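Q: My questions concern the predicted model and sequence given below.
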Amino acid sequence: MLKNFWFWLLILFIVIQPFSFNVAATLPIKANETLEAPKEVLSILKRSCYDCHSSEVKAPWYYTVAPISWYTQRNVKMARNIINFSKWNGYTKEKKVKFLKKLPKAIVIRMPMKAYLYLHEEVTLTENEKKLLKSWSKELKEKLK
Ligand code: HEC
């Protein structure tokens, strides 16, 4: 019985593979559209946020395997809809301000996403990094207004 279960699970796994859409890991990047920020801020964002909120997602091989790919693709798509740092300069002031307003709370409660942190512990923000991101977003928000 149990042997059957694993057998069918394996079959199922094989059958769904043609439906494993690839995450569009890299999209065209225009140099003048990417976010400019102080070096320390940019390096935190690149390490902890760019894997979803950018056009340069570093996708390990398992991201392209179904059913994981369904999940990652959806997340990257949603994240890029909220903000894609690689397209920052192309956004309206309103869109930027809206995002910056949400950032301080987001990084305390759910960004980077919990499920992602299980796999990538190294992207966890330290208290100092959170402070730095918060003051950066506040400053930039004031500047944009
Ligand atoms: C593993 C993918 C992933 C990573 C990494 C990630 N995000 Fe997100 N982010 C998402 C998704 C998906 C959403 C939209 C769904 C949601 O709000 O949960 C989102 C939404 C947001 C929002 C809007 C929240 C709201 O209240 O509407 C902000 C702000 C944000 N992210 C900031 C960040 C910052 C800053 C980082 C880096 C410290 C980061 N994210 C890292 C996937 C990610």
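A: Nice, thanks for sending it over.
Q: in the chain, which helix or strand is least confident?
A: helix 114-119 (a mean of 72; mean pLDDT, DSSP states H and E).
Q: For the helix or strand following that one, which helices and strands make contact with it?
A: Once the chain leaves helix 114-119, the next helix or strand it forms, by DSSP states H and E, is helix 127-144. Contacts defined by 3 or more CB pairs under 8 Å, 6 or more residues apart in numbering; DSSP states H and E place helix 127-144 against helix 39-48, helix 93-109. For the C-beta atoms, the positions are set from N, CA and C on the backbone; glycine is no exception.
Q: how about a cut-off of 6 Å?
A: helix 93-109 (3 or more CB pairs under 6 Å, 6 or more residues apart in numbering; DSSP states H and E).
Q: For Ala25, give me the pLDDT.
A: We have a pLDDT of 67 for Ala25.
Q: circling back to that earlier point, list the contacts of the least confident helix or strand of the chain.
A: Thr124 (CB atoms under 6 Å, 6 or more residues apart in numbering).
Q: Give me the residue at the spatial middle of the chain.
A: Cys52 (1.8 Å; CA atoms, centre = their mean).
Q: host element of that one?
A: Using DSSP H and E, no helix or strand contains Cys52.
Q: Begin at 54, not 1, for the rest of this chat.
A: Happy to do that; since the first residue is 54 now, the last one works out to Cys105.
Q: do the least confident helix or strand of the chain and the ligand meet?
A: Yes. If you take CB under 6 Å from any ligand atom as the test, helix 167-172 does meet the ligand, through Tyr169.
Q: Restricting to C-alpha, output that helix in CSV.
A: Extracted in CSV, the C-alpha atoms of helix 167-172 (Å, rounded to 0.1, in the frame of the first residue of the first chain):
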residue,chain,number,x,y,z
LYS,A,167,9.0,33.4,6.1
ALA,A,168,9.0,30.4,3.7
TYR,A,169,12.0,31.9,1.9
LEU,A,170,13.9,32.4,5.2
TYR,A,171,13.8,28.7,5.9
LEU,A,172,15.9,28.1,2.8
